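Asker: Give me a model of this one.
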Amino acid sequence: MDLELRHLRVVCAIAETGSVTKAASTLGLAQPALTAQLQRIERTLGGPLFERDRRGARPTALGELVLARARVLLPAMKGLQDEAARLAGAGDAPRRYRIGGVNSPILGRLVHRLAAEQPQAQITTHASWSVDELAQLVAGARLDYALTGVCGDSTPSADYGLSWREVAVDPVMVLLPETHPLANRDEVDLADLRHEQWVAAPGDGCFGDCFAAACARSGFTPRKVYEADVRSCIDLVDAGEAVALCQATFRPVAGLVTRRLAGSPLRWRLMLGWHPESPAAPTADLVLETALVAYTDALAPHPAYLAWLLRNPAFGVRRPAPVLAAERVRSA
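Answerer: Numbers count the residues shown, from 1 in each chain. This is a model prediction of the structure:
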């Protein structure tokens, strides 16, 4: 039997989990099948790779040697595959846009404008609750762009080598039923919501450390937080069971109102990311400009918020868009 990369992944999985049974579960294999595969690998390499007993599986000296080589070869092969995928897409025609989004308020408008301006373009979208997942997909050449947001002054992780540009920054607002006692105010103090129950969609957003810190600064700890999909979040607010944080460009819904939080204690920065060495990089400026126009389109149904932006230039589109993440690291 010739040794293959999949065999090295088996060896690494057993070493990382410390058990053939756990490794089988991780790899989605039956335990007897993985045991038989390990025995074939050991015969090929000329000796046992693990000492196995009730306490689990521990690498032998030969096993340590194989693991040391595998931990170099597997990442190198993954990098080769990623680079090859990016290079293979370099000559794509018609132009391709594979865009991933996390709760993006402008994804629909961005796709609409790209499709209108380039009718022959191949445009696909991918939804995820995780910025890191989208960044991994872009780094692995399975997406071209990630359109997502980060809370406050934070930036997406630089671990995936992406370039990031800010599209716009908005204050996070609160979504209330129009019958709520605070719904007649232009803005609401966060402290006035201390007795409310909250609801949030899963994934990245302002309902983590930023929200807890803002509540602490206002002198309280938030009550129960429901987790639900976006449609169910709206339903829970509409039913009067909870209030929710929302983006400033949240599309108006009958029976609900959005209100600014006094002092803008939470901010949401909309970001566009891509890999600087991918075939998508040459068109990144075009996509960024289209995203900026899409954001401006999203303001049209919100004349009061648009007027507020004119009085508060620290929010909205801020030019020039700063260089972030991977490019900042390279220039340091």
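Asker: pLDDT score for Met77?
Answerer: Note for Met77: predicted pLDDT of 84.
Asker: Surely it is in a helix?
Answerer: Yes. Counting by DSSP: H, G, I helix; E, B strand; the rest coil, Met77 is found in a helix.
Asker: Going forward, the N-terminal residue is numbered 456.
Answerer: Okay, using 456 as the starting number, the last item reads as Met532.
Asker: Tell me how many other residues crowd it.
Answerer: The number of residues packed near Met532 is 12, by other Cβ atoms under 10 Å. In short, each C-beta sits where N, CA and C put it, glycine included.
Asker: Who are the contact partners of it?
Answerer: If you count contacts by Cβ atoms under 8 Å, 6 or more residues apart in numbering, Met532 has them with Leu460.
Asker: One more: the one 5 residues further on?
Answerer: Contacts here follow Cβ under 8 Å, 6+ apart; on that basis Asp537 touches Ala594, Gly595, Ala596.
Asker: Could I get the buried residue list for the one helix or strand it maps to?
Answerer: Take DSSP states H and E as the rule and Asp537 turns out to sit in helix 516-543. Neighbour-count burial for helix 516-543 flags Gly518, Val521, Leu522, Ala525, Asp537, Arg541 (criterion: 16 or more other Cβ atoms under 10 Å).
Asker: pLDDT weak spots in the chain?
Answerer: The chain contains residues with pLDDT under 70 at 538-549, 658-662, 774-787.
Asker: show me where it has helices.
Answerer: For the chain, the helices defined by DSSP state H cover 460-472, 475-482, 486-500, 516-543, 562-572, 586-594, 664-672, 685-693, 739-754, 758-766, 781-786.
Asker: Now do the buried residues in the first one.
Answerer: Looking back up the chat, that one is helix 460-472. His462, Leu463, Val465, Val466, Cys467, Ala468, Ile469, Ala470, Thr472.
Asker: Touching, the second one and Val527? I think so.
Answerer: No. Between Leu463 and Val527 no contact is recorded; they are 10.1 Å apart, counting by Cβ atoms under 8 Å.
Asker: OK, contacts around Gly473?
Answerer: Counting by Cβ under 8 Å, 6+ apart, Gly473 touches Gly511, Ala512, Arg513.
Asker: If we use 6 Å, what do you get?
Answerer: Gly511 (Cβ atoms under 6 Å, 6 or more residues apart in numbering).
Asker: Distance of it relative to Ala694?
Answerer: 48 Å (Cβ to Cβ, to the nearest Å).
Asker: next one: Ser480
Answerer: 41 Å.
Asker: Neighbour count: these two, which is higher?
Answerer: It is Ser480, of Ser480 and Ala694, that has more neighbours when counted by other Cβ under 10 Å, with 15 against 9.
Asker: if we can go back for a sec, switch the buried residues of helix 460-472 over to TSV, and while doing so, append distance to Trp723 to every line.
Answerer: Below are those laid out as TSV (distance: Cβ to Cβ, whole Å):
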residue	distance to Trp723
His462	46
Leu463	43
Val465	43
Val466	44
Cys467	39
Ala468	39
Ile469	43
Ala470	42
Thr472	39
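Asker: closest one to Met726 among the helices of the chain?
Answerer: Across the helices of the chain, Met726 has its closest neighbour in helix 586-594 (8.5 Å, Cβ to Cβ).
Asker: so what secondary structure elements neighbour that closest one?
Answerer: Counting contacts by 3 or more Cβ pairs under 6 Å, 6 or more residues apart in numbering; DSSP states H and E, helix 586-594 is packed against strand 600-606.
Asker: As a quick check, tell me the outermost residue of the chain.
Answerer: Distance from the C-alpha centroid of the chain peaks at Gly501, with 44.7 Å (Cα atoms, centre = their mean).
Asker: Setting aside sequence-adjacent positions, which residue approaches that one most closely?
Answerer: Leu517 (7.7 Å; Cβ to Cβ, 6 or more residues apart in numbering).
Asker: So that neighbour versus Asn639, what's the distance?
Answerer: Distance check for Leu517 against Asn639: by Cβ to Cβ, it reads 75 Å.
Asker: just to revisit the earlier point, list buried residues within the contacts of Asp537.
Answerer: Judged by 16+ other Cβ under 10 Å, buried ones among the contacts of Asp537: Ala594, Ala596.
Asker: Tell me, how many residues neighbour the closest residue to Arg550 other than its chain neighbours?
Answerer: Using Cβ to Cβ, 6+ apart and skipping residues adjacent in sequence, the residue nearest Arg550 is Ala576, 4.8 Å away. Applying other Cβ under 10 Å, we find 14 residues neighbouring Ala576.
Asker: same thing with Val557?
Answerer: Val557: 23 surrounding residues under other Cβ under 10 Å.
Asker: For it, which non-adjacent residue is spatially closest?
Answerer: That would be Thr603: by Cβ to Cβ, 6+ apart, it lies 4.1 Å from Val557.
Asker: Surely that neighbour and Val586 touch.
Answerer: Yes. With contact defined as Cβ atoms under 6 Å, Thr603 counts as touching Val586 (4.9 Å).
Asker: quick one: common contacting residues for the two?
Answerer: Common contacts of Thr603 and Val586 (Cβ under 6 Å, 6+ apart): Val557.
Asker: Would you mind telling me which of these two has the busier surroundings?
Answerer: Thr603 (26 against 22).
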